[in-house]
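**Student:** Have a look at this prediction, sequence included:
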Amino acid sequence: MRLSKSFVPTLKEVPADAVIPSHILMVRAGLVRMLSAGIYSFLPVGYKMIKKISDIIREEMDAIGGQEFHLPALNPKEIWEETGRVEAFGDTMFHIKNREYVLAPTHEEIMTFHAKGVVKSYKDLPQIWYQIQTKFRNEPRPRSGVIRGRQFLMKDAYSFDVSYEALDKSYELHDQAYRKIFDRCGLKYFVVGASSGAMGGSKSEEFMVKSDAGEDTVAYCEKCGYAANIEVAESVIQPIVRHSESKQIEKISTPNIKSIDELCEFLKIDHRETAKSRIYIHDDKPVLVLMSGNDEVNETKLERVLGGNVRPGHPEELKEITGADAGSIGPIGFKGRIIADNRLKDGNNLYSGANENDFHIGGIDLKRDVPTVEYFDLRTVESGEGCVNCKSPIDVFKAIELGHIFKLGTKYTDALGVNYLDENGKEHPIVMGSYGIGVERVLACYLEQNHDERGIIWNENLTPFHIHLIGLNMKNDEINSASSNLYNELTKEGYDVLFDDRLDASAGFKFNDADLMGIPIQVVVGEKNYKNGNVEIKIRRTGKKEVVALSNLKSKLRELLNHLTHKH
RNA sequence: CGGGGCGUAGCGUAGUCCGGUUAGCGCGCCUGCUUUGGGAGCAGGAGGUCGCAGGUUCGAAUCCUGCCGCCCCGACCA
């Protein structure tokens, strides 16, 4: 491709709207342009990337027996009403104004619809159906470039099986296929076991990439691979010690002391000697939650423990409930249910609020003074704590969800009445699995992991071109014809070459654009080297430059690009 | 939806607090000449409903009101 005739609008400066590296690079390297919040146009080079990633996904899906569909984005609302998902999606689903259609946010219903009455016999099963298409979701807040958009490309696959045992096999196939896909894309990822929530499935796994731009927080153990969403993650921590002798309760004046840190500073005590109180409202009744020091309440765990509706108490209602404002609340004298984190179990000589502003109470013995207290795992794990599997320090960080596989069961086949007949002529609902990959997220995650201060660094599998050929001074006839000839020859060899043949662009301009675009190998034809029969090769990832005789160029390129031109 | 920030030429921005020439600068773009190994130089030029709509004022990019758009944090995210 000749750059002089191509639409690759690179930018020297960082666009004002972009914040995270992948977003900045996509815009700067001319891959995408925003049309509206969460809605992006892919420009020719960017679209080429999408096709590369899609092809990798396609190959691995086909390898496990997947069959590709092309499905409508415009769906009759009726079919979504049958599964109750118009209501479930709520405002997240786009509705068409002048006809009873919706824009598909995913495709379980449509795939299931097509299975109905056609896949009728156990002999027809299993099936794996997939598609790589645009989905629409009315996200309240699109963000981070293409990572959360209102319109996005998703590969979604659905498996149809005779039983849960058979589903296990389809699930396993996808698990393996996903690992191959992400490996081939060169991503550093990890797998988190997750609950599949309202999808009604049993087992599910998320494929995640560590990133500050992520929307999930996970705990991960580098050593043994333990990974869990922060909402459910557990860790090994030191419980507080129970002293052999319990002190007496004493009320202490603590003017203007609100936080645990201030309290520790004021009384010259350790965090672990304090019990922090949080008030939650559970089904209209206040519950006091005690945590050790600055440990954070994990509200997901709390909800699981309590059941029903749980919300934090509003600051205004605290005084009425406890007699004090936040910062001075404690278990002594609290009328209502008191629960505490396991870490505090049977603690004594503890300091907590006095339920009177500007006072705390010391010498609290939970066994003696708070006999009704119940203990649960209520805390949010933190970096550095012990892995529950191997005791190594775990890491807590944000991550982007790239893909999700889960065992769906019969939710949709039940709702839509999609059954098959077994060997005995008996009817059963087909058992489904559902498997998604965010295609743009693969691209974004790759960029998050593979860039430097100069720009993108493509790997061999994803790069939009094999070689970036740069003719330095195209107004020099000799360079012009030499680089043009080289372009034709390399193209004939089967290489996909991006040829910077721009007449006016200066050398530095071309070098910087090349580094920004990140094609793995740059071949530079300039006067200095060419008059000695040489060109220069630069490896983008390492920055290493080498002068090569023109006569050796092809063999050198073969050597460098051997593994990526296996198709030729 | 709550909180914060921003909106001035294709891109990045100054000016806004404290109203007052023809709205400035850098990059990019067009023409010509020179230049070509790390975002060239000189000369000339084009390009603006200052997000939109009202209002205050002799006068509004600037002050007031409403709306729209974009970004960030939070809520939400089968």
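**Tutor:** Arrived safely. Note that this is a predicted model, so its numbers are computed, not measured. Numbering: from 1, shown residues only, chains lettered A, B, ... in the order given.

**Student:** Which of the residues in stretch A:251-261 are classified as buried?
**Tutor:** A:252, A:254, A:257, A:260 (16 or more other C-beta atoms under 10 Å). All C-beta spots, glycine's among them, are computed from the backbone N, C-alpha and C.

**Student:** Pick the one among those closest to RNA strand B.
**Tutor:** Lowest distance from RNA strand B to those (C-beta to the nearest atom of the strand) belongs to residue A:260, with 20.9 Å.

**Student:** Quick one: residues contacting that closest one.
**Tutor:** A:271, A:274, A:276, A:293-294 (C-beta atoms under 8 Å, 6 or more residues apart in numbering).

**Student:** and those, which of them are in helices?
**Tutor:** Judged by DSSP state H, helices contain none of the contacts of residue A:260.

**Student:** Give me the buried entries from those residues.
**Tutor:** Buried members of the contacts of residue A:260, counted by 16+ other C-beta under 10 Å: A:274, A:276, A:293.

**Student:** From RNA strand B, how far off is the last one?
**Tutor:** Meaning residue A:293. 22 Å (C-beta to the nearest atom of the strand, to the nearest Å).

**Student:** same question, residue A:79
**Tutor:** Going from residue A:79 to RNA strand B by C-beta to the nearest atom of the strand gives 15 Å.

**Student:** Give me the residues contacting the strand or helix carrying that residue.
**Tutor:** In the assignment (DSSP states H and E), residue A:79 maps to helix A:77-82. With C-beta under 8 Å, 6+ apart as the test, helix A:77-82 has contacts from A:86, A:89, A:93, A:95, A:100-102, A:109-110, A:113, A:415-416.

**Student:** what's the answer for stretch A:218-231, then?
**Tutor:** A:190-194, A:206, A:208, A:210, A:216-217, A:233-235, A:298, A:300-301, A:380-381, A:387-390, A:392, A:394-399.

**Student:** Per the annotation, how does chain A divide into domains?
**Tutor:** What automatic domain parsing lists as the domains of chain A is A:46-232+A:397-447, A:250-376, A:465-564.

**Student:** Make JSON lines out of these and add mean pLDDT and distance to residue A:23.
**Tutor:** Shown next, in JSON lines, are these (pLDDT from 0 to 100; distance: least, C-beta to C-beta, whole Å):
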{"stretch": "domain A:46-232+A:397-447", "mean pLDDT": "93", "distance to residue A:23": "3"}
{"stretch": "domain A:250-376", "mean pLDDT": "91", "distance to residue A:23": "29"}
{"stretch": "domain A:465-564", "mean pLDDT": "95", "distance to residue A:23": "14"}
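
**Student:** Residue A:306 against residue A:282, yeah?
**Tutor:** Yes - proximity of residue A:306 to residue A:282 meets the contact threshold set by C-beta atoms under 8 Å, at 4.9 Å.

**Student:** Please identify every residue contacting each of those two.
**Tutor:** Common neighbours of residue A:306 and residue A:282 (C-beta under 8 Å, 6+ apart) do not exist.

**Student:** Which parts of the stretch 401-550 of chain A are strands?
**Tutor:** Assigned by DSSP state E, counting those that start in this stretch, the stretch 401-550 of chain A shows strands spanning A:419-421, A:427-429, A:431-438, A:451-452, A:455-456, A:467-471, A:497-500, A:521-525, A:534-539, A:545-549.

**Student:** Would you mind giving both backbone torsions of residue A:104?
**Tutor:** phi -70, psi 120 (degrees, to the nearest 10).

**Student:** ok, back up a step: just the contacts of helix A:77-82 that are near RNA strand B?
**Tutor:** Filtering those for proximity to RNA strand B by C-beta under 7 Å from any atom of the strand leaves residue A:89.

**Student:** Go ahead and build a ChimeraX selection from the buried members of the contacts of stretch A:218-231.
**Tutor:** The buried residues among these can be selected in ChimeraX (16+ other C-beta under 10 Å) with this line:
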select /A:190,191,192,194,206,208,210,216,233,234,235,298,300,301,380,381,387,388,394,395,396,397,399
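
**Student:** Which of the contacts of stretch A:218-231 fall in helices?
**Tutor:** Using DSSP H, these in helices are A:300-301.

**Student:** who wins for proximity to residue A:5 among the domains of chain A?
**Tutor:** domain A:465-564 (8.4 Å; C-beta to C-beta).

**Student:** wait, does that closest one contact RNA strand B?
**Tutor:** Yes - contact between domain A:465-564 and RNA strand B, assessed by C-beta under 7 Å from any atom of the strand, occurs at A:472-476, A:503-509, A:511-516, A:524-530, A:535-536, A:538, A:545.

**Student:** Dig out what the residue of the stretch 301-450 of chain A found nearest RNA strand B forms beta bridges with.
**Tutor:** Minimum separation of the stretch 301-450 of chain A from RNA strand B (C-beta to the nearest atom of the strand) falls at residue A:436, amounting to 5.9 Å. Beta-bridge pairing for residue A:436 (DSSP bridges): residue A:156, residue A:404.

**Student:** you'd agree it is up against residue A:154?
**Tutor:** Yes - here residue A:436 lies in contact with residue A:154, judged by C-beta under 8 Å, at a distance of 5.7 Å.

**Student:** which of these two has more neighbours?
**Tutor:** residue A:436 (23 against 20; other C-beta atoms under 10 Å).

**Student:** which parts of stretch A:545-562 are buried?
**Tutor:** Applying 16+ other C-beta under 10 Å to stretch A:545-562 flags A:548, A:550, A:553, A:556-557, A:560-561 as buried.

**Student:** OK, contacts around whatever residue of the stretch 201-350 of chain A ends up closest to RNA strand B?
**Tutor:** Of all residues in the stretch 201-350 of chain A, residue A:215 sits closest to RNA strand B, at 4.7 Å by C-beta to the nearest atom of the strand. Contacts for residue A:215 (C-beta under 8 Å, 6+ apart) come out as A:147-148, A:398, A:400-401.

**Student:** Show me what from the stretch 301-450 of chain A comes close to RNA strand B.
**Tutor:** A:404, A:436.

**Student:** Residue A:106 sits in which helix or strand?
**Tutor:** Under the criterion DSSP H and E, no helix or strand holds residue A:106.

**Student:** Can you tell me how far it is from RNA strand B?
**Tutor:** Using C-beta to the nearest atom of the strand, residue A:106 is found at 4 Å from RNA strand B.

**Student:** does residue A:134 belong to a helix or a strand, and which?
**Tutor:** Counting by DSSP H and E, the element that carries residue A:134 is strand A:127-136.

**Student:** Who does that strand pair with, and is each partner parallel or antiparallel?
**Tutor:** Counting by DSSP bridges, the strands paired with strand A:127-136 are strand A:66-68 (parallel), strand A:151-161 (antiparallel).

**Student:** Pick the most buried one from the ones you listed.
**Tutor:** For the strands paired with strand A:127-136, average neighbour numbers computed from mean count of other C-beta atoms under 10 Å are highest in strand A:151-161, which has a mean of 24.

**Student:** what is the orientation angle of whichever helix or strand comes after that one with strand A:431-438?
**Tutor:** Where DSSP H and E defines the elements, the next helix or strand beyond strand A:151-161 is helix A:164-184. If you take axes from the mean of the first three to the mean of the last three C-alpha atoms, to 10 degrees, helix A:164-184 sits at 10 degrees to strand A:431-438.

**Student:** Show me which positions of helix A:164-184 end up buried.
**Tutor:** Result for helix A:164-184 [16+ other C-beta under 10 Å]: buried residues A:166-167, A:170-171, A:173-174, A:177-178, A:181-182, A:184.
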